[in-house]
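Visitor: I'll drop the sequence and a predicted model, then ask my questions.
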Amino acid sequence: MRAVTMEGMGREQMRAADEDRRKVAEQLRLALEEGRLDLDEYDERVQGAYAAKTYADLDRLLTDLPNAAPVVPATPQPSPVQVEEKATGAWLADVWGPWARTAAFLTLIWGVAFLASNDGVFYWPVWVLGPWGIVLLLRTAAGLAHGEPRKHAVELEHRRRLRAHKQERKSLYRRAIAAGELPAKPTKEQRKAFVAEAISRGDLPPKPRRPTPDE
């Protein structure tokens, strides 16, 4: 049976969740406080909100309220198992990636020599790949036992935040130079003072700190 994606499903068919019903009930409460609904209308619509089955049912309760926004379906969050599997896969790729690339390169060289030779050529890359593979197997077993995939995922996320912070900082530098707030080639002290002031104003978040092993 063909799967139906959220994008391809209309609001008439898409099932609402309890959190969606609660959000609509909250918007109805605000409309009551603003005087846009009387008590009877409010009671009737709230009952309709908690009885709604689809997003279209919820939309009908808000169509005549100017300040109400249609409920947006929440993006499904990955389960802890999916997150763990993704972290483990990324860590294994990082551990075994160099070995796999080296194996492909050495095997290619061996293959060319094998085809060019009239005699059989021993698969000599085994002398490199074998011991290295044994070391990696031991490292993999120990890493999985000590939670290395999670630590690796945390470190990758920390690096991503550092890159995003650096890009945002550079963007602030460019805007400040264009506005004349900084010279074209600011000194290290000027950059530090500018960053401190930007953080104090809330224009730039503090530099992401390295997470502790327990985080």
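Guide: Sure thing, it's come through.
Visitor: Outline the domain layout of this protein.
Guide: For the chain, the domain assignment from automatic domain parsing gives the residue ranges 1-76, 80-146, 149-201.
Visitor: Mean neighbour count, mean pLDDT and distance to Pro208 for the ones you listed - can I get that in a markdown table?
Guide: Quick note: C-beta positions are derived from backbone N, CA and C, even for glycine. Written out in a markdown table, the entries for these read as follows (neighbours: other C-beta atoms under 10 Å; pLDDT from 0 to 100; distance: least, C-beta to C-beta, whole Å):
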| stretch | mean neighbour count | mean pLDDT | distance to Pro208 |
| --- | --- | --- | --- |
| domain 1-76 | 14 | 78 | 24 |
| domain 80-146 | 12 | 92 | 19 |
| domain 149-201 | 13 | 88 | 4 |
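Visitor: got a list of contacts for the helix or strand containing Glu26?
Guide: Element membership of Glu26 [criterion: DSSP states H and E] is helix 18-33. The set of residues that contact helix 18-33 without belonging to it, under C-beta atoms under 8 Å, 6 or more residues apart in numbering, is 37-39, 42, 45-46, 49-50, 52, 55, 58, 61-62, 65, 67-69, 71, 73-74.
Visitor: I'd like the domains of the chain as CSV, with distance to Pro211 appended.
Guide: Conversion of the domains of the chain to CSV gives the following (distance: least, C-beta to C-beta, whole Å):
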stretch, distance to Pro211
domain 1-76, 25
domain 80-146, 14
domain 149-201, 5
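Visitor: wait, which of the ones you listed is closest to Arg209?
Guide: Closest of those to Arg209 is domain 149-201, at 8.5 Å (criterion: C-beta to C-beta).
Visitor: Now do the helices for the chain: every range, in order, please.
Guide: Listed in chain order, the helices of the chain (DSSP state H) span 18-33, 39-51, 55-60, 80-116, 126-145, 148-178, 188-201.
Visitor: Find the centremost residue of the chain, please.
Guide: Closest residue to the average C-alpha location of the chain: Glu157 at 8.9 Å, with C-alpha atoms, centre = their mean.
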